[in-house]
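1. can you look at this prediction? I've put the sequence above it.
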Amino acid sequence: MAAKETVTIQLPRAGKDEEKIVFVGVNGKGYTIQRGKEVEVPPSVAEVLRSSEAFQDKLEAFLEENRPKH
């Protein structure tokens, strides 16, 4: 039986107001990932995290562009 494919990721350390653990759920299976540590995860988990980060970047840009000007 072939070993499952994994990728190594490392999330940035948690900021002052961030959780130190990130939960990711993919296809009914949950993963808890500690920030600041290298971990092996399935490629699907890494993709969820990349997509989440890209969405967060777009959200922050949108909010900045639409911030009320005083």
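-> Arrived safely, thanks for sending.
2. other residues contacting stretch 42-51?
-> 4-7, 9, 11, 22, 24, 26-27, 31, 33 (CB atoms under 8 Å, 6 or more residues apart in numbering). Glycine gets a C-beta too; all of them are placed from N, C-alpha and C.
3. hmm, 10 Å instead?
-> Here stretch 42-51 makes contact (CB atoms under 10 Å, 6 or more residues apart in numbering) with 4-9, 11, 22, 24-27, 29-31, 33, 39-41.
4. so which bits of it are buried?
-> 42, 45-46, 48-49 (16 or more other CB atoms under 10 Å).
5. so where's the protein uncertain?
-> Counting by pLDDT under 70, the chain has low-confidence residues at 1-3.
6. helix, strand, or coil at the residue nearest the centre of it?
-> Central residue of the chain (CA atoms, centre = their mean): Leu49, 3.2 Å from the mean position. Put simply, Leu49 is helix when judged by DSSP: H, G, I helix; E, B strand; the rest coil.
7. cool, Gly30 as well?
-> Quick answer, by three-state DSSP: Gly30 is strand.
8. isn't it right next to Val41, touching?
-> No - the criterion here is CB atoms under 10 Å, and Gly30 misses it with Val41 at 11.7 Å.
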